[in-house]
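Q: Just the structure for this:
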Amino acid sequence: MLSDFLKNVNDLRDALEVAAEKIETNSQKIKVTAKARLDLDRQNNQLRGLYETLGERVYATRKRHEYADEELDELLRAIDAKLNHIAMLQAAYESAKDSDQPQDTTTPDLACGMDIETMTEARDRNIEERIGTDKEND
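A: Numbering: from 1, shown residues only. Below is the predicted model of the structure:
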């Protein structure tokens, strides 16, 4: 009877250890995906700010009949860089969200397994789709 009790205690301890490991893994996954989502939201907010600045500058230059191409080109480069970064973060977030194991999303180009060129192509397709959708809605 004592041996049965000890066996039950050992089984219970083993089950608790397994549960604790699963909780640890799940909490790490939640932490990683939440951080990735937060990073993605921050980058999208910065992108909106860049678009707003671009719109304000285009409006001001058009209103004055001036064309500051260099300044606008700089903003366009910043927007392209931000779009690339967002595409990488989005891929890393999706990868982390769909994975059973926690992943490092601090280097999204490595975490998602895609190189910069692939991400740029994906970004460009996304932009073309948005432009096509906007033209269809007009």
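Q: top helix in this structure by residue count?
A: Longest helix in the chain by number of residues (criterion: DSSP state H): helix 2-63.
Q: list the helices and strands that helix packs on?
A: Helices and strands touching helix 2-63, by 3 or more C-beta pairs under 8 Å, 6 or more residues apart in numbering; DSSP states H and E, are helix 69-98. For the C-beta atoms, the positions are set from N, CA and C on the backbone; glycine is no exception.
Q: try it again with 10 Å
A: Under the contact criterion of 3 or more C-beta pairs under 10 Å, 6 or more residues apart in numbering; DSSP states H and E, the helices and strands touching helix 2-63 comprise helix 69-98, helix 108-111.
Q: Report the rounded mean pLDDT for it.
A: Over the span of helix 2-63, the pLDDT mean works out to 90.
Q: just the helices and strands packed on helix 2-63: most buried one?
A: Ranked by average neighbour count under the criterion mean count of other C-beta atoms under 10 Å, the helices and strands packed on helix 2-63 are headed by helix 108-111 at a mean of 20.
Q: Nearest residue to residue 44 in space, please, no chain neighbours.
A: Sequence neighbours aside, residue 86 is the residue nearest to residue 44 in space, at 6.2 Å (criterion: C-beta to C-beta, 6 or more residues apart in numbering).
Q: Tell me if I'm right that that neighbour and residue 50 touch.
A: No: Residue 86 lies out of contact with residue 50 (C-beta atoms under 10 Å); the separation is 11.1 Å.
Q: And what about residue 65, helix, strand or coil?
A: Residue 65 falls in the coil class when you classify it by DSSP: H, G, I helix; E, B strand; the rest coil.
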